[in-house]
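Chemist: fold the following.
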Amino acid sequence: MQPTILTAVFVLLFGPGRPVTVPTPKPLAYHAFSLDDRYGNTFVNTVFKDNILLAVRYTTGGAVNPNTLNWTAIQKPFTASLTLRPGETFAFHDNVLPEYRGKIAKTPGVHFTSAEGFKSDGYLVGDGVCHLASLLYWVARDAGLAAYAPVRHNFAPIADVPKEYGVSIYALGDSRGSELQNLYITNTKPEPVVFRFSFDGTKLGITAI
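Modeler: Numbering: from 1, shown residues only. Have a look, this model is predicted:
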């Protein structure tokens, strides 16, 4: 069989056996912060860090058994992802505003309680998850998605995140306050958007692709 014209052109351009490099899609947005500066007190910062890392596992669908948590494994570097197809909406927890009911395709499925493995700093169980929500909100907004955070985190700064992207999260009880203290992200683009979470042992980054 004689090679086709297309095959001949391919060999001429790329050479026999030469691998073809597929270009990597340009990220829509990327932001990161250190988990070593979430709070000025060392103990409280460790609680924030662990709660953030655990929330990422839940958010990205990782297998989590709160009764046998291996914190050493959770604290190791990792990459994980969350994909939103066109028109899909993500909520940071499942107590959602009326206009979003029945429309949530992805959610961590937790309320950031001790029964789910989250730690307390002596003030709140799950303290620190607002930092993760704020970083995710920042990335989603810069990626051009429809992102809505009804209640700002104005009561305290979030290190390395501009004030306008601070998100307040509260997931306990089926109340209006809980519904408002949530984060809603809708993929308004014609193609899937992947949120890639990466942790190198110190810095947590989120890339929207």
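Chemist: all strands of this protein, in order?
Modeler: With DSSP state E as the definition, the chain shows strands at residue ranges 29-34, 78-84, 89-91, 104-106, 146-148, 184-186, 193-199, 203-208.
Chemist: right, and residue 119 touches residue 129 too?
Modeler: No - here residue 119 lies out of contact with residue 129, judged by Cβ atoms under 8 Å, at a distance of 10.8 Å. All C-beta spots, glycine's among them, are computed from the backbone N, C-alpha and C.
Chemist: mind listing the helices for this structure?
Modeler: Secondary structure of the chain (DSSP state H): helices at 5-14, 42-59, 71-74, 129-142, 176-180.
Chemist: out of those, deepest packed?
Modeler: helix 129-142 (a mean of 25; mean count of other Cβ atoms under 10 Å).
Chemist: and residue 90, what is it in contact with?
Modeler: Residue 90 is in contact with 82, 84, 104, 105, 106, 107, 183, 184, 185, 186, counting by Cβ atoms under 8 Å, 6 or more residues apart in numbering.
Chemist: now rank these by neighbours and give me the top one.
Modeler: With neighbours taken as other Cβ atoms under 10 Å, the top of the contacts of residue 90 is residue 185, carrying 27 neighbours.
Chemist: let me see the contact set for that one.
Modeler: Residues in contact with residue 185 (Cβ under 8 Å, 6+ apart) are 84, 89, 90, 91, 136, 137, 140, 145, 146, 147, 148.
Chemist: not counting its neighbours along the chain, what's nearest the residue nearest the centre of the chain?
Modeler: Nearest residue to the geometric centre of the chain (Cα atoms, centre = their mean): residue 136, 5.1 Å. Nearest non-adjacent residue to residue 136, counting by Cβ to Cβ, 6 or more residues apart in numbering: residue 206, 5.9 Å away.
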